[in-house]
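Sequence first, then the predicted structure, then my questions.
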Amino acid sequence: MLNQLLGIKYPIIQGAMANIATAEFAAAVSEQGAMGIIATGAMTVEQARESIHKARVLTTKPFGVNVMLMHPDVDAMMEMICQEKVDLVTCGAGNPGKYIAALKESGSKIFPVVASVALAKRMERIGVDGLIVEGGESGGHVGQQTTMALVPQVCDAVSIPVVAAGGIADGRGFNAALSLGAIGVQIGTVLLASEECPIHENYKQAVLKAKDTDTVVTGQSQNAPVRILKNAMSRQYIKEERNGANREVLEKLTLGGLRRAVQDGDIKHGSVMMGQIAGLVHEVKSLSDIFEDLMQDSRTQFQALEKKMEAIQC
Ligand SMILES: Cc1cc2nc3c(=O)[nH]c(=O)nc-3n(C[C@H](O)[C@H](O)[C@H](O)COP(=O)(O)O)c2cc1C
């Protein structure tokens, strides 16, 4: 299981969340027994290095770093991460092939985020340690496949450990992920509604208020799909996309949008990233309660499942 592989209490990775998953947040997650991840997507290399140092002061437990491979300084970022020797590196938006040897030499485990069987197989061939298989239900940058369909197909196609992500917020989702073949989960949206999450109160309330149909995927026309809350900005964005607007026009709408939502609490015009599972998140809880409740719910739901199986007479 993922907890044994990473030396943590719960088989749970905190999803990287640019502008949100700071050193303090990642360290708090690690302190509570899951795998904290510092998101470097919106950081400079030096800011990321300082964040790693800060997290090391705040926790002695394992934590990781997420690198977006489209980061303008990705080479320098990876070099710094190798120097800092972090426990886990997750990465998205590209192929980490050229960094694998150096990362391994530095002692990091590498789990790229993948959204297709083809990419999963390619990642296994280049020697990564495991995969985070993310369905399009999730918040932030998303692929086209659903968690339900993608995870078992990837599990059949590779023999390295698989972590499921996208649409998981309680014991049912956790158990489903294990049934599909995963050894653990990565969660993002449910952690937005944690006491420790450093987002504006308006953002947290938006997560609590969101229903199953309240998110939408923008950026399809730009080959950069992102799942966000439906609001004035996303409506305008989709309208412009339908009218064939070019990248420049669309980027103007989203530029700094996540920061506006996270820091200023502008949930009308900001990029309020969250996943479809927000509809299942009804209260703000401490990280400790989120993890403990999820595992307890998993056990309860497992017993209920056993009863259902017994009732199947054939
Ligand atoms: C606000 C937000 C920001 C995110 N930013 C990143 C990121 O910077 N890098 C990344 O690899 N994934 C990012 N993700 C995806 C998460 O790491 C995680 O895989 C996803 O949230 C899991 O699905 P869920 O939201 O349904 O729990 C982000 C997700 C959210 C909700």
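Perfect, I can see it now.

By proximity to the ligand, which residue of the stretch 151-300 of the chain wins?
Sorted by distance to the ligand under CB to the nearest ligand atom, the residues of the stretch 151-300 of the chain start with Gly188, at 2.0 Å. In short, each C-beta sits where N, CA and C put it, glycine included.

residue contacts, the closest residue to that residue other than its chain neighbours?
Spatial nearest neighbour of Gly188, excluding adjacent residues (CB to CB, 6 or more residues apart in numbering): Gly15 at 3.2 Å. Residues counted as contacts of Gly15 (CB atoms under 8 Å, 6 or more residues apart in numbering) are Ala21, Ile37, Ser138, Gly140, Ala165, Gln186, Ile187, Gly188, Leu191.

Name the residues of the stretch 151-300 of the chain found near the ligand, please.
Ala165, Gly166, Gly167, Ile168, Gln186, Ile187, Gly188, Thr189, Met273, Met274, Gly275, Ile277 (CB under 6 Å from any ligand atom).

Just flag the most distant two among those residues.
Farthest apart among these by CB to CB are Ile168 and Met273. That separation is 16.2 Å.

What segments of the stretch 51-200 of the chain are helices?
Ranges of helices within the stretch 51-200 of the chain are 74-84, 100-105, 117-125, 147-157, 171-179, 189-192, based on DSSP state H, counting those that start in this stretch.

thought Leu88 was touching Leu5?
No - the pair Leu88 / Leu5 is not scored as a contact, 9.7 Å apart, by CB atoms under 8 Å.

residues shared between the contacts of the two?
Taking CB under 8 Å, 6+ apart as the contact criterion, the residues that touch both Leu88 and Leu5 are Lys109.

Those two: who's more crowded?
Each of Leu88 and Leu5 had its neighbours counted (other CB atoms under 10 Å), and the higher figure belongs to Leu88 (22 against 18).

tell me what whichever strand or helix holds Glu24 is packed against?
Assigned by DSSP states H and E, Glu24 falls within helix 23-31. Helix 23-31 sits against strand 12-14, strand 36-39, helix 45-58, strand 63-68, with contacts defined as 3 or more CB pairs under 8 Å, 6 or more residues apart in numbering; DSSP states H and E.

one step back: can you pull the contacts of the residue of the stretch 151-300 of the chain closest to the ligand?
Gly188 makes contact with Gln14, Gly15, Ala16, Met17, Ser138, Gly139, Gly140, Ala165, Gly275 under the criterion CB under 8 Å, 6+ apart.
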